[in-house]
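Undergrad: predicted coordinates and the sequence they were generated for:
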Amino acid sequence: MSEQSYYEILGVAKSASEDEIKKAYRKLAIKYHPDKNKGDKAAEEKFKEATEAYEVLRDPEKRRMYDQFGKAGVNAGGAGFGQGAYTDFSDIFGDFSDIFGDFFGGGRGQRRHGPKRGSDLRYNLEISLEDAALGKEYKIEIPRLETCPDCSGSGAAKGAQPSACPDCGGTGQVRRTQGFFSIASTCGRCGGRGSIITNPCRTCSGQGMVEKRKTINIKIPPGVESGSRLKVSGEGEAGPNGGPSGDLYVVTHIKRHP
């Protein structure tokens, strides 16, 4: 990373106005953006330097700290979006206990029909090179499953209650013994919920979920690249049986710049 000051990187005076800083960054960001300079490491480095400088100097408080203490005053901030990838390890390892529980016959199925986290959603957002460089707020509309308002997710009609599944005894799993092993599998009749619905909710047809469209404001930060993933917590699909909602991941795709 360059030893130049943030002002030198953007080519502006220390007394530069917010508008002058924005114009200087816009010029550099569009010139050196990775989507316009494929495989050019020097351009990529200049883009990262300019974005880092702009992120600090456009914010009055960060700029004040930088002017007083230098980079040490603002280095406690979070990472940028230059890597273009995000990995949520909690999803990768979250199902291990279910897998081994089924294999060894443990757990008695409580996890199967208890609250479960909702599914994550992905939304592909096409943006201009200028918006990728400077940042912009977008309004998007997503279809997603939400908890049925009439049955509160139970799937049963008003006044009715789900009853324990007779095939699995309410555990959500059926077991069979082979030699020394007891093998558990998801109950085919109730689908692992542990209960059956004899009088289903008319609004959701007994599913406990209905599809709705939700409008969400997405703030794209300066310096994103094609393939950057922005996480919006809790805006995925509703969790079955009262579980927490999943997350929404907005993936940016930059239009080809002429």
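TA: Received the coordinates, thanks.

Undergrad: please parse this structure into its domains.
TA: Listed domain ranges for the chain are 6-73, 114-154+197-254 (source: automatic domain parsing).

Undergrad: could you export the ones you listed to TSV, including columns for mean neighbour count?
TA: Just so you know, the C-beta spots here come from the backbone N, C-alpha and C atoms, and that holds for glycine as well. As requested, those are exported to TSV (neighbours: other C-beta atoms under 10 Å):
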stretch	mean neighbour count
domain 6-73	16
domain 114-154+197-254	17
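
Undergrad: as a markdown table, those domains with mean pLDDT and distance to A160 would be great.
TA: What follows is the domains of the chain, written out as a markdown table (pLDDT from 0 to 100; distance: least, C-beta to C-beta, whole Å):
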| stretch | mean pLDDT | distance to A160 |
| --- | --- | --- |
| domain 6-73 | 90 | 55 |
| domain 114-154+197-254 | 92 | 4 |
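
Undergrad: I'd like those domains as JSON lines, with distance to P162 appended.
TA: Below are these laid out as JSON lines (distance: least, C-beta to C-beta, whole Å):
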{"stretch": "domain 6-73", "distance to P162": "52"}
{"stretch": "domain 114-154+197-254", "distance to P162": "5"}
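
Undergrad: can you pull out the strands in the stretch 51-200 of the chain?
TA: Using DSSP state E, counting those that start in this stretch, the strands assigned to the stretch 51-200 of the chain run over residues 121-127, 136-147, 163-164, 173-178, 181-186, 195-196.

Undergrad: relative to G170, which of the domains of the chain is closest?
TA: Nearest to G170, of all these, is domain 114-154+197-254, at 11.7 Å by C-beta to C-beta.

Undergrad: tell me how far that closest one is from the chain's mean position?
TA: 8 Å (C-alpha atoms, centre = their mean, to the nearest Å).

Undergrad: same deal with stretch 188-203?
TA: On C-alpha atoms, centre = their mean, the centre of stretch 188-203 falls 30 Å from that of its chain.

Undergrad: first vs last residue of it, how far apart are they?
TA: Start and end residues of stretch 188-203 are separated by 24 Å (C-alpha to C-alpha, to the nearest Å).

Undergrad: what does stretch 198-212 give?
TA: 25 Å.

Undergrad: next one: stretch 168-183
TA: The straight-line separation of the ends of stretch 168-183 (C-alpha to C-alpha) is 13 Å.

Undergrad: quick check: mean pLDDT of it?
TA: Averaging pLDDT along stretch 168-183 gives 82.

Undergrad: and it, what's buried?
TA: Of the residues in stretch 168-183, 168, 170-174 count as buried by neighbour count, 16 or more other C-beta atoms under 10 Å.

Undergrad: the strands of the stretch 51-200 of the chain: which one's closest to R64?
TA: strand 136-147 (24.7 Å).

Undergrad: elements contacting that closest one?
TA: strand 121-127, strand 209-220 (3 or more C-beta pairs under 8 Å, 6 or more residues apart in numbering; DSSP states H and E).
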